[in-house]
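Asker: Okay, here's the prediction I keep looking at, along with the sequence it came from:
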Amino acid sequence: MHRDDAMTILVAGGAGFVGSHLCETLLQQGHRVICLDSFLTGREENVLPLCGFRDFRLLRHDVAQPVVLSERLDRVYNLASPASPPHYQADPIHTMMTNVNGTLRMLELAERDGARMLQTSTSEVYGDPEVHPQQEDYVGHVNCTGSRACYDEGKRAAEALCYDFVRAGRADVRVARIFNTYGPRMRPDDGRIVSNMIVQALRGQPMTVYGDGSQTRSFCFVSDLVAGLIALMEAGRAPATPVNLGNPEEFEIRELAQMVRAMVPTTSPLVFGPLPEDDPKRRRPDIARARELLGWQPTVTLSEGLPQTVAWFTAEIGGAAGLATGTTDEGRSRADA
């Protein structure tokens, strides 16, 4: 890329699992990247290798608070929010404010500079869906007062803010609804099903499944998701509605458990518990809109991406005895996005 074509890009939540991969890819494309993160769930080690890039700047800041930047921004990616139940339920009020106030702050920055903005929403806006697979025009089945509402409703409110800005002509905004994503740099204490099962298997601990394991999820490898986010941001014309980004290949949770056990030398048994409140029974994205508007679809299968994830966790937790696994009563092996 010619230097004149390089953009200045803000990635809020850039030290997180997905955010750090996005920052890395944007730097590799030749852009200037400002990574903003409070490090509540993001990790410095995720972006430490990027600090050697002259075009990378790390800013420790809570996205819900006003931020002053001297640079003129060309693009704003908002990925700032805890995304797994143990983390977003730890301080539900802060989670809600991160999604509402944080999104407002990013929209204001985009408006200030005439920058294009991408808001990362979630499949959780569909709740425990009564429509399968989930299309973007489905309005959802969400418990607005349950323990997950801080995240589900926070993301729904953030989407409303984005489209209010669009209708008012104040910003060019694109909204991605992200389905279950996995890959290297997930936290060992993440509390989501892929990380928990791998970590438990590596440690020889019982692999916990809530429900009977027949509930389904669709797993998208992180490199595919990052490609989808960039494709949506760089689409010449903003789609009029949110766009699902995920892998439409659907797996039962017990299938995932067997795949992990086949890849990790372990004798870990499966143990079963009751489903958590409002846990979705089935989840699979309809990605027809992403295919049509972006020319995007995932290319990494679960059988290809899971070994890479296992290898990363093997290195990550090797010798780290006693590291938290995220297997609390609130979050153990939750099958969440």
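Answerer: Everything's here; your move.
Asker: From here on, just use CA atoms for contacts and neighbour counts.
Answerer: Fine.
Asker: okay, now residue 302: neighbour count?
Answerer: If you count neighbours by other C-alpha atoms under 10 Å, residue 302 ends up with 20.
Asker: now residue 261: how far from residue 186?
Answerer: From residue 261 across to residue 186, the span is 19 Å (C-alpha to C-alpha, to the nearest Å).
Asker: quick one, which of the two is more surrounded?
Answerer: Under the neighbour definition other C-alpha under 10 Å, residue 261 and residue 186 were set side by side, and residue 186 has more, 24 against 20.
Asker: Report the contact partners of that one.
Answerer: 17, 195 (C-alpha atoms under 8 Å, 6 or more residues apart in numbering).
Asker: Tell me the pLDDT of it.
Answerer: Per-residue confidence (pLDDT) for residue 186: 97.
Asker: what's the helix or strand for it?
Answerer: Counting by DSSP states H and E, no helix or strand carries residue 186.
Asker: residues of the helix or strand encompassing residue 150 that come out buried?
Answerer: Secondary structure assignment for residue 150, by DSSP H and E: helix 149-167. Going by neighbour count (16 or more other C-alpha atoms under 10 Å), the buried part of helix 149-167 is 149-159, 161-163, 165-166.
Asker: Check stretch 97-114 too.
Answerer: Neighbour-count burial for stretch 97-114 [16+ other C-alpha under 10 Å]: 97-111, 114.
Asker: List the neighbours of that stretch that are in contact with it.
Answerer: 63-67, 72-76, 78, 80-81, 115-117, 119, 151, 154-155, 157-158, 161-162, 165, 170-172.
Asker: follow-up on the earlier one: just the buried residues of helix 149-167 now: which is nearest residue 278?
Answerer: residue 149 (9.6 Å; C-alpha to C-alpha).
Asker: From residue 36, how far out is the residue lying closest to the closest one once chain neighbours are set aside?
Answerer: The shortest distance from residue 149 to any non-neighbouring residue, by C-alpha to C-alpha, 6 or more residues apart in numbering, is to residue 143 (6.6 Å). Counting by C-alpha to C-alpha, the separation of residue 143 from residue 36 is 31 Å.
Asker: what's the answer for residue 214, then?
Answerer: 39 Å.
Asker: between the two, which one's more packed in?
Answerer: The residue with more neighbours, out of residue 214 and residue 36, is residue 36; 24 against 15, by other C-alpha under 10 Å.
Asker: Kindly indicate whether that one is helix, strand or coil.
Answerer: Of the three states, residue 36 takes strand according to DSSP: H, G, I helix; E, B strand; the rest coil.
Asker: could you list every residue that touches it?
Answerer: With C-alpha under 8 Å, 6+ apart, residue 36 has these contacts: 10-15, 58-61, 63.
Asker: give me the low-pLDDT residue ranges for the stretch 101-250 of the chain?
Answerer: Across the stretch 101-250 of the chain, nothing is flagged by pLDDT under 70.
Asker: Tell me which stretches of it form helices.
Answerer: Counting by DSSP state H, counting those that start in this stretch, the stretch 101-250 of the chain has helices at residues 149-167, 193-202, 222-234.
Asker: Turn those into TSV, columns for distance to residue 299.
Answerer: Formatted as TSV, those follow (distance: least, C-alpha to C-alpha, whole Å):
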stretch	distance to residue 299
helix 149-167	27
helix 193-202	19
helix 222-234	7
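Asker: can you tell which of those is closest to residue 176?
Answerer: The nearest among these, by C-alpha to C-alpha, is helix 222-234 at 7.2 Å.
Asker: okay, now the domains of the chain?
Answerer: 7-181+221-245, 183-218+248-283+299-317 (automatic domain parsing).
Asker: sorry, back to before: just the buried ones from the contacts of residue 36, in PyMOL syntax?
Answerer: With 16+ other C-alpha under 10 Å as the burial test, the buried ones among the contacts of residue 36 are selected in PyMOL as follows:
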select buried, resi 10+11+12+13+14+15+58+61+63
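Asker: Closest one to residue 308 out of the contacts of residue 36, please.
Answerer: Using C-alpha to C-alpha, the contacts of residue 36 come closest to residue 308 at residue 15, 20.1 Å.
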